[in-house]
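J.: A structural model of the following input is requested.
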Amino acid sequence: MNANFETHDLGTPGLDKAGPLDGFEYSSFRNPGIVMQPERLAAFQPSRISASRALIAQMIRERWSFRCKRFSIARDGLGEALYEVEARGYVFSFPIYSFRPSKEGRTGRIIGTAWDMMGAMVEGRLSDADFAATRRELPKLYRGRATPLTLTWFRANRSGRVFDRCVEALAKGQQPEPEMLWKAGYTMRNTGLDGNGTFGTRSFVTLEKDHPLRWALSAQMLSAYMMRVFAADLVDHFAQLDGGDQAVTLAPGLRRYLGVGNGSALGLMYFVNNRPKLVNRWIWIREKSIARAKMLDVAAEPALLDRLADGLDRLATFRAEDMTEYGRYPKSGDVAQELQAIAAEVRVLKSRLHAAGAAPLAAFSAALEGRYSDHAVESCLSALIDLVPEYAQAQVQSLVVDEEVTGTPEMTVGQLRKVLGTEYGWCWQIDLQSTEANHFIWYKSRNAEEPRRGPRKDIDAKHGLGLDLPRLVLTLDAALAGVPADTSIARFLVAHPDLRQITTRVQSLAGMTYHSPHANIMAADFVPAHITKCLNSGLHGLDKTVDSLDRVIRGILFQGAPLPEEVMAGTACADWSAPPRSESIKQEESLA
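T.: A predicted model of the protein is given here:
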């Protein structure tokens, strides 16, 4: 492959087509050549830009209401429930169908055929006919069809041991052991959440401009939140059936601590490839929020540094108490020590503000690089975003993305080569020639309906999913090099129809420099878990994201998040993330 390093640089952040720069200079944004490295993406941490945290912030700000309209479930698990959520004048119905637990066909993957619960989110108040139709269609899954105005279908399984022990304790009039709940983090785990056209659900791009769930991933996050609500209600319900008058309900402090379990694997690599505009837009608004925080005038408002240091202390405590084994990623205790050291540096910065230059947080953040791990630095950047909560929330509301890719046939060959040279320079700077660099091929499993990767020697290339971005870019550039620079792309594609897809992709994403990981995902040493962890931890907002086999990431959503009744009463805590282990224990002791 051509290694023309002189004319292909790492790229600089270009103009985001989705919105203005808000007065920021390009220099305020981090170089995509650093940010888009897989190892750095894996270090992204939950923040106010994460979908789960942004949804809770919106719930609190807008005082959403939650009601259980029906709850009829037998002790064996068979039955149904119905919830309604009102948000900004919109009503959403959540029909829930509960089943008897079964080991046969039970799996955390999308190929499962048996679940402990299935549910849907439907706009408006659900009619009896649509409730029955949804109950009939949901178990069919890929053969089923959603009713009109359905936004999502979802399914989940109980965490058997923890779920059962909670029920046993509550039935006896006791609270479950806080330490057990701290270690587990959930009593039900998500096994599938689909929408945006799947199964006939409503496409999100058709949502009205004032729709409260118009921004990307908000509908999925609300569905996951309602899984959490149902799981806790089911625990209380079974305890009452077993214990009668002596049964108690789960204490608010413990209930708040329980989130929803979640696991993701290779499918998220396919998501990144198919949703480049969403990936770009999310990382872009994250970088904008970080840049805004770095520009804060902390000399005029030194209390901001106290908030930053306190936020780092909170994260350090959360990490120090977390005994989870993270595989290839840094030990939580090590990150905790780094965060404590960074918090101490923040306090030193406050004491020396008189000698600090302009934008001291920008210089402070830059000075962290190389002295602390990527995970600690990204944790600090997440804490920085907490200093601009209103700005961050406004950015999330702008996360409305049309993923359609369209070509520009009038563009010239010379113009397209310039885009390749400035925005895809990394493709020339990685090994694509060695045997190890071409070890894997990505394909779709016929049985599992999931993306897979396997040794190229074992799989026919015709089954490949076309995810080989760097090689496609170099192939395109080589073909363009043999054509006069003033030739139109329309004429070029007449002669090279096989390059239409990569050409259209490059044209559609021109100027968006945070859309694709800078990686050769076919290489033997590529770690898919890096990308999965970025999406689960950074984009979705999962905590305790554990790597398994370098390709599966498991974690917890909404651990510590406010309860529906707190949101409705206006007593919900906006700073709920990273709850300390001792908090749930203290709350339980106060109830004893």
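J.: Quick check: which ranges of the chain have low pLDDT?
T.: Within the chain, the ranges that satisfy pLDDT under 70 run 1-27, 105-112, 447-449, 582-592.
J.: can you list the domains in it?
T.: Dividing the chain into domains by automatic domain parsing, as the record does, gives the ranges 26-50+271-401+530-554, 64-174+188-249.
J.: Dump those domains into JSON lines; add mean neighbour count and distance to residue 484 as well.
T.: (C-beta placed from N, C-alpha, C; glycine too.) Shown next, in JSON lines, are the domains of the chain (neighbours: other C-beta atoms under 10 Å; distance: least, C-beta to C-beta, whole Å):
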{"stretch": "domain 26-50+271-401+530-554", "mean neighbour count": "19", "distance to residue 484": "30"}
{"stretch": "domain 64-174+188-249", "mean neighbour count": "18", "distance to residue 484": "39"}
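J.: All the strands of the stretch 251-400 of the chain, in order from the start?
T.: 259-264 (DSSP state E, counting those that start in this stretch).
J.: What of the stretch 451-592 of the chain?
T.: Under DSSP E, counting those that start in this stretch, the stretch 451-592 of the chain gives strands at 451-455, 543-548, 552-557.
J.: what's the answer for the stretch 1-150 of the chain, then?
T.: Under DSSP E, counting those that start in this stretch, the stretch 1-150 of the chain gives strands at 65-73, 79-87, 90-98, 117-123, 150-158.
J.: how about the strands of the stretch 451-592 of the chain, which one is nearest residue 69?
T.: Residue 69 lies closest, by C-beta to C-beta, to one member of the strands of the stretch 451-592 of the chain: strand 552-557, at 24.3 Å.
J.: contacting residues around the closest one?
T.: The contact list for strand 552-557, computed with C-beta atoms under 8 Å, 6 or more residues apart in numbering, reads 52, 185-186, 190, 221, 224, 228, 259-265, 529, 532-533, 536-537, 540-548.
J.: what angle separates it from strand 259-264?
T.: 160 degrees (axes from the mean of the first three to the mean of the last three C-alpha atoms, to 10 degrees).
J.: Compute the inter-axis angle for strand 552-557 and strand 543-548.
T.: Going by the same axes, to 10 degrees, strand 552-557 makes 160 degrees with strand 543-548.
J.: Pairing partners for strand 552-557, with directions?
T.: Strand 552-557 has the following strand partners under DSSP bridges: strand 259-264 (antiparallel), strand 543-548 (antiparallel).
J.: can you give me the offset of the first one from its chain's centre?
T.: Translated: strand 259-264. From the chain centre to the centre of strand 259-264 is a distance of 11 Å (C-alpha atoms, centre = their mean, to the nearest Å).
J.: which residues are contacting that strand?
T.: Against strand 259-264 from outside (C-beta under 8 Å, 6+ apart): 108, 156, 159, 185-186, 188-190, 224-225, 227-228, 231, 532, 535-536, 540, 542-543, 552-561.
J.: give me that answer again for 6 Å
T.: Strand 259-264 is contacted from outside by 108, 185-186, 189-190, 224, 227-228, 532, 536, 553-559, using C-beta atoms under 6 Å, 6 or more residues apart in numbering.
J.: Let me have the domains of the chain in TSV, adding distance to residue 518 as columns.
T.: Listed next are the domains of the chain as TSV, based on distance: least, C-beta to C-beta, whole Å:
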stretch	distance to residue 518
domain 26-50+271-401+530-554	4
domain 64-174+188-249	23
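J.: Report the contact partners of the closest residue in space to residue 42 that isn't next to it in sequence.
T.: Nearest residue to residue 42 in three dimensions, chain neighbours excluded: residue 530, at 3.9 Å (C-beta to C-beta, 6 or more residues apart in numbering). Counting by C-beta under 6 Å, 6+ apart, residue 530 touches 38, 41-42.
J.: Now, those residues that are in helices?
T.: Assigned to helices by DSSP state H, the following of the contacts of residue 530 qualify: 38, 41.
J.: Tell me if I'm right that residue 391 and residue 292 touch.
T.: Yes: Residue 391 is within contact range of residue 292, at 5.4 Å (criterion: C-beta atoms under 6 Å).
J.: which one of the strands paired with strand 552-557 lies closest to residue 445?
T.: Nearest of the strands paired with strand 552-557 (C-beta to C-beta): strand 259-264, 15.9 Å.
J.: buried set for the closest one?
T.: Going by neighbour count (16 or more other C-beta atoms under 10 Å), the buried part of strand 259-264 is 259-264.
J.: what do you get for stretch 412-430?
T.: So, applying 16+ other C-beta under 10 Å, buried residues of stretch 412-430: 412-413, 415-417, 419-428.
J.: what about the closest residue to residue 579 other than its chain neighbours, neighbour count?
T.: Spatial nearest neighbour of residue 579, excluding adjacent residues (C-beta to C-beta, 6+ apart): residue 560 at 3.4 Å. Residue 560 has 22 neighbours, counted by other C-beta atoms under 10 Å.
J.: gap between residue 560 and residue 54?
T.: Between residue 560 and residue 54 the distance is 15 Å, computed by C-beta to C-beta, to the nearest Å.
J.: Repeat that for residue 224.
T.: Applying C-beta to C-beta to residue 224 and residue 54 gives a distance of 13 Å.
J.: Which of the buried residues of strand 259-264 sits closest to residue 311?
T.: Of all the buried residues of strand 259-264, residue 259 has the smallest distance to residue 311: 20.3 Å, by C-beta to C-beta.
J.: need the contact list for the closest residue to that closest one other than its chain neighbours.
T.: Residue nearest to residue 259 in three dimensions, not counting chain neighbours: residue 559, with 3.7 Å by C-beta to C-beta, 6+ apart. Listed by C-beta under 6 Å, 6+ apart, the contact set of residue 559 reads 185, 259, 543.
J.: can you rerun that using 10 Å?
T.: Residues near residue 559 by C-beta atoms under 10 Å, 6 or more residues apart in numbering: 52, 181-182, 185-186, 228, 256-261, 318, 542-544, 576-579, 584.
J.: Select from the residues you listed every entry located in helices.
T.: Judged by DSSP H, the subset of those located in helices is 52, 181-182, 228, 256-257, 318, 584.
J.: what would these look like in CSV with distance to residue 197?
T.: As requested, those are exported to CSV (distance: C-beta to C-beta, whole Å):
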residue, distance to residue 197
52, 22
181, 37
182, 39
228, 25
256, 34
257, 35
318, 37
584, 40
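J.: one step back: list the residues that are in contact with both of residue 224 and residue 54.
T.: The contact sets of residue 224 and residue 54 overlap at residue 217 (C-beta under 10 Å, 6+ apart).
J.: re earlier: any chance of the contacts of residue 530 in TSV, with distance to residue 357 too?
T.: Listed next are the contacts of residue 530 as TSV, based on distance: C-beta to C-beta, whole Å:
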residue	distance to residue 357
38	34
41	31
42	33
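J.: Relative to residue 67, how far out is the closest residue to residue 90 other than its chain neighbours?
T.: In this structure, residue 90 finds its nearest non-sequential neighbour in residue 212, 5.7 Å apart by C-beta to C-beta, 6+ apart. Per C-beta to C-beta, residue 212 is found 16 Å from residue 67.
J.: and the helix or strand hosting residue 164, what does it pack onto?
T.: Using DSSP states H and E, residue 164 sits within helix 160-171. Packed against helix 160-171 by the contact rule (3 or more C-beta pairs under 10 Å, 6 or more residues apart in numbering; DSSP states H and E) you find helix 178-184, strand 186-195, helix 218-243, helix 252-257.
J.: Those into TSV, with extra columns for distance to residue 115?
T.: Converted to TSV, the helices and strands packed on helix 160-171 look like this (distance: least, C-beta to C-beta, whole Å):
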stretch	distance to residue 115
helix 178-184	19
strand 186-195	6
helix 218-243	11
helix 252-257	23
